[in-house]
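# compute the structure for the input listed below.
(one chain, ligands or ions: 2)
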Amino acid sequence: MLIVRLASTGLTAYEVFVLLQNRPLTPLLHIDGHSIEVTVEDFDADGRPEIAVLYHCGGHSRGFVLFRIDPAGSVSRIPGAELGSDWPLIDWHDFDGDGQLEIRTRDRNWSKVPIMDYVEKVYGWKGTSVQLLSTKDVTPSEGDTRADP
Ligand SMILES: [Ca+2]
Ligand SMILES: [Ca+2]
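Numbers count the residues shown, from 1 in each chain. Ligands and ions are numbered 1, 2, ... in the order given. Okay, the predicted model is just below:
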């Protein structure tokens, strides 16, 4: 059994704890941010859950961290899966239909100012880590699926 517990430590800070069967409550992560979402899903389709932590860390910025739980019960960060976005879009979906979830981020493309375009990046699994799979420019008219800032 996996239980993830959140504790607010102030207006802009959270502590994430994990409780696995027959193990003590273990601190997982401290977040300086003003919102947090914790999701447990099998990102790499190996039959074991991963823990995804998504948070706002500024007016528009988001951060994302992904953890794996090994069969012995220890929890560790997945290499390459600490991501950020300066536009509030980080989400995940099986974009290529291979059964594994990919992670998408969208950042402002500051090289195009004053026209505000975005750079969308998709990350996915390569062995035991998460790596950048693709990058593309996105204009605001192309399916602007931004989340609330
Ligand atoms: Ca998994
Ligand atoms: Ca996929």
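# could you use CA atoms for every contact and neighbour count after this?
Noted.
# the strands in this protein, which residues?
Under the criterion DSSP state E, the chain carries strands at the ranges 2-10, 13-20, 26-32, 35-41, 50-56, 62-69, 75-85, 89-93, 102-109, 117-126, 129-138.
# can you pull the contacts of the residue nearest to residue 79 when sequence neighbours are not counted?
The shortest distance from residue 79 to any non-neighbouring residue, by Cα to Cα, 6 or more residues apart in numbering, is to residue 129 (5.0 Å). With contact set as Cα atoms under 8 Å, 6 or more residues apart in numbering, residue 129 has these partners: 78-81.
# residue ranges with poor pLDDT in this structure?
Scanning the chain with the threshold set as pLDDT under 70 gives 1-5, 9-11, 141-149.
# residues of the protein that sit close to ligand 2?
The chain comes close to ligand 2 at residues 94, 96, 98, 100-101, as judged by Cα under 5 Å from the ion.
# give me the most central residue, this protein.
residue 64 (3.1 Å; Cα atoms, centre = their mean).
# so it bridges to which residues?
Counting by DSSP bridges, residue 64 forms beta bridges with residue 54, residue 83.
# surely it meets residue 81?
Yes - between residue 64 and residue 81 a contact is recorded at 7.3 Å, counting by Cα atoms under 8 Å.
# sorry, back to before: can you tell me how far the residue nearest to the centre of the chain sits from residue 72?
25 Å (Cα to Cα, to the nearest Å).
# give the contact list for the nearest residue to residue 101 once chain neighbours are set aside.
Using Cα to Cα, 6+ apart and skipping the chain neighbours, the partner closest in space to residue 101 is residue 94 (4.3 Å). With Cα under 8 Å, 6+ apart as the criterion, the residues that contact residue 94 are 100-102.
# tell me which of those residues is nearest to residue 44?
Nearest to residue 44 out of the contacts of residue 94 is residue 100 (Cα to Cα; 5.0 Å).
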